[in-house]
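*Asks:* sequence-free structure coming up:
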């Protein structure tokens, strides 16, 4: 019977070659095979036979002495309507000689293929035969492909069955898994011979050099310069093991491998895989014996090594860290020579992350902000905050960053610092010869606002993240302080230039930029153009000290709202830029373009308000009265921002239905700034503004105007220059009223009449830069009143919704549990779940915004450090995936050390999400006081705690602690008296058995209490002692 023609009948090396050819033809159509030595003609004959039998999906033609015959065959192939899939074999031809043949046209239109027989043997046998055996066979210079097929077939059958074949046929990831978990494979590792057979299989699977697991300790002085690479590798391995205090265990026959022996084998395999991954991720030639050996590994085995390393990082993190730290000792030359620009995408070893971190800090020091930004973008690309395709293409797989949230915080600070440096460089200086104030405003909107936003965000990040526990704290502190000075110098130059422009063009801009015209030009048109009562309804947010750059952040969150027109414009606040001026002129108090202020004194006094007809506008109620006078067709309603975000939905809806204009006022930013805690509050206010917008829109409001009275200068850590102007009681921090015109160095002045103020005389004087007047006050972190663009430019954010918001029946719930924290950071495992019975809404959400707060102390600082998993951090907001758990690392800071509850909530109110308060309590880091351990004093006999008596209410934490009243009574006793002995616990709980059960539960129970519980032995008596830390 004739032999069946089939690809499966090809030899193992021929079959591998055919598979590669098939892929090339499928990808490229026409493939020209240049076979200089003619090794492959017999295989081509077999392929032609396979094609004739219909076993190949591509045509095969070859030169057999006649170009004419070949061209006729090719013409027949090209005659079809479909693009040809064609392999043309040209034995004896090279790139030079093929140009002299009629096949040149096909050669130019197709893809060239060539492969030496030795290269083919190495590639095909890799992963199946140990590397030394492959090289030994290639060294014999086999003359035909048939000889190579026969050799590999014999090698594969030589160890038939047995441990070698079992190990070689098992995926290497599973092999290492079994070593680490004492899997079934380990039962067969009962002798040194079995170990050798196991390692020989790994030589084939991973390309593991024999010298890697058979070191030569008798020649410790040998070096890689001796000419024997194998001995150099052996000595490198021995040196690394010695430095890591690791010794390979001896093997005894007849006994299964011990834990140490299994770990030894896992270390040998993993250390090699890590070196291979590192070397093939480098952007330059490797240095050192171990690295050079890894460079020669075939591509297929490189992929195997990378897969093993990746899986170990994901599934055996502790083993990976230990092995990587020991294995990097093999790369002494690399560690000495490593430069950040040489390293690849993957941080296989810890020294790679450290090298890149040092490079980023060096870039900050040298003011190379773009380089620092690129390093940080690679490191933080998984956060979802580093914008642009460049960050995505350079994404870094830094295992070490994932394992160390403190290091992650360092990189976040570097990224924020680089962003500020780049923004300052891009903004440059404000030209002092611009033809109008409008162009100065445009220049700040386009360039300057980005600087101030980056400056604020850096200071917010610095407040919570710059702690001594993070890596490179001292270096980072120096660089961040330097950036504060860099910003100060930039802000001074812009302020001086802007004041020069105001002196040239006037401090009062054209009407389209005036704050006093805002109500007439922005609010009234929204009320007039409506078609029905619901769309006529308008909400005006008057937000004290909402700076323009902060409104940019809000605008970016709202601009993609469907069926809506969202615009952000800028105006110049009235002077001086204080609340008493800016907040009151937001009401319609202008008359024929002029204002009528009430000033307490023209010599160092202040503006009290503005006259509107017969009354003075100087409070929220009088502002509302002025707006009501200009609003026809319905009443006006005044609400605070807190009321809008906290009222029940039906109560808010009833209030909205009764009004045509809603005035929402907020002082949170200004109040917090004046108290020196603005950095803690800014983000929360932006969240509240977005939540208030959403709640009012749901209640039926379709038109919104969000604006402010003035901005501010943020002087955190970089005090401005202080100038004297009369006595300390006369000036405000950034301005002063004087009755007479007088010029002072470093100041600008403007007549009140030139500001469009009527009924008053005098001069307004202000520093020309960011300096402050000496008022005797030392806290100048948050100031306003002057004529810098940071203080004077106010946002006008308008939103017009063409349709009412659609109601959704889809609801979500949050589940959160405490997990083990690291490096001073707490950890929560969080998952957002859809409430199944209500999940019928159209277009299910796949991400929900979350945030974290302390429900018992809203002023507590909550810093979100890192999210592991599919969640992404954006400042204080978490973009959480629905249905997928993630870990959140955070830090709590406050004035005293205590244990508090935290609440995971949905800040923007765009979805129906039930908040979650985990049972556990978390320790607050005291910013100014050190924790005190309570003294151990004699414990009085247990008495019923006051907290559980009928006459006093039970604290909420105690009520939530346990359903067991005796447990609650015991913790109430601890809270009141500080300690309790084990016999007293048994007496209180009713039996020694209950006391033993309590001992097993005490840690879990204490995590829900506002204090910790420490177990102490006094004599032979166990005592439970209350602790605050």
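*Replies:* Arrived safely, thanks for sending. Owing to the predicted nature of the structure, the values given are computational and were not obtained by experimental measurement. Numbers count the residues shown, from 1 in each chain.

*Asks:* Just the buried residues of the longest strand seen in the chain, please?
*Replies:* In the chain, ranked by residue count with DSSP state E as the criterion, the top strand is strand 811-822. Neighbour-count burial for strand 811-822 flags 811-812, 814, 816, 818-819, 821 (criterion: 16 or more other CB atoms under 10 Å). Glycine gets a C-beta too; all of them are placed from N, C-alpha and C.

*Asks:* quick one: strands adjacent to it?
*Replies:* Counting by DSSP bridges, the strands paired with strand 811-822 are strand 825-834 (antiparallel), strand 912-914 (parallel).

*Asks:* now the last one: how far from the chain's centre is it?
*Replies:* Centroid separation between strand 912-914 and its chain, computed with CA atoms, centre = their mean, to the nearest Å, is 25 Å.

*Asks:* any residues touching that strand, and which ones?
*Replies:* Strand 912-914 has contacts (CB atoms under 8 Å, 6 or more residues apart in numbering) with 808, 810-814, 832, 848, 850, 905-906.

*Asks:* closest to residue 623 out of the strands paired with strand 811-822?
*Replies:* Closest to residue 623 of the strands paired with strand 811-822, according to CB to CB: strand 912-914, at 33.9 Å.

*Asks:* Averaged pLDDT, the closest one. What do you get?
*Replies:* Averaging pLDDT along strand 912-914 gives 87.

*Asks:* helices or strands next to the helix or strand residue 424 falls within in the packing?
*Replies:* Here residue 424, judged by DSSP states H and E, is contained in helix 405-427. Under the contact criterion of 3 or more CB pairs under 8 Å, 6 or more residues apart in numbering; DSSP states H and E, helix 405-427 touches helix 350-365, helix 369-380, helix 399-403, helix 449-465, helix 473-505, strand 861-868.

*Asks:* Now mean neighbour count, mean pLDDT and distance to residue 258 too, for those, in a markdown table please.
*Replies:* Converted to a markdown table, the helices and strands packed on helix 405-427 look like this (neighbours: other CB atoms under 10 Å; pLDDT from 0 to 100; distance: least, CB to CB, whole Å):
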| stretch | mean neighbour count | mean pLDDT | distance to residue 258 |
| --- | --- | --- | --- |
| helix 350-365 | 21 | 95 | 28 |
| helix 369-380 | 22 | 92 | 40 |
| helix 399-403 | 20 | 87 | 28 |
| helix 449-465 | 22 | 94 | 45 |
| helix 473-505 | 19 | 96 | 43 |
| strand 861-868 | 22 | 85 | 34 |
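
*Asks:* and the ones you listed as CSV, adding distance to residue 434?
*Replies:* Listed next are those as CSV, based on distance: least, CB to CB, whole Å:
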stretch, distance to residue 434
helix 350-365, 32
helix 369-380, 26
helix 399-403, 45
helix 449-465, 17
helix 473-505, 6
strand 861-868, 41
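
*Asks:* how about the ones you listed, which one is nearest residue 308?
*Replies:* Comparison of these against residue 308 by CB to CB identifies helix 399-403 as nearest, at 13.6 Å.

*Asks:* distance between the closest one and the chain's centre?
*Replies:* Centroid separation for helix 399-403 versus its chain: 12 Å, with CA atoms, centre = their mean.

*Asks:* who touches that helix?
*Replies:* So helix 399-403 is in contact with 313, 317, 320-321, 347, 350, 352-353, 379, 407-408, 411, 822, 868, going by CB under 8 Å, 6+ apart.

*Asks:* Now with 6 Å, please.
*Replies:* Contact with helix 399-403 is made by 313, 347, 350, 353, 379, 407-408, as judged by CB atoms under 6 Å, 6 or more residues apart in numbering.

*Asks:* which residue ranges form the helices in the stretch 751-900 of the chain?
*Replies:* 789-792 (DSSP state H, counting those that start in this stretch).

*Asks:* ok, residue 876 - contacts?
*Replies:* 683, 851.

*Asks:* Next, it: phi, psi?
*Replies:* Here is the backbone geometry of residue 876 (degrees, to the nearest 10): phi -100, psi 10.

*Asks:* how far away is it from residue 172?
*Replies:* Distance, residue 876 to residue 172, by CB to CB, to the nearest Å: 44 Å.

*Asks:* Buried by neighbour count: which residues of the helix holding residue 424 qualify?
*Replies:* By neighbour count with 16+ other CB under 10 Å, helix 405-427 contains the buried residues 405-424, 427.
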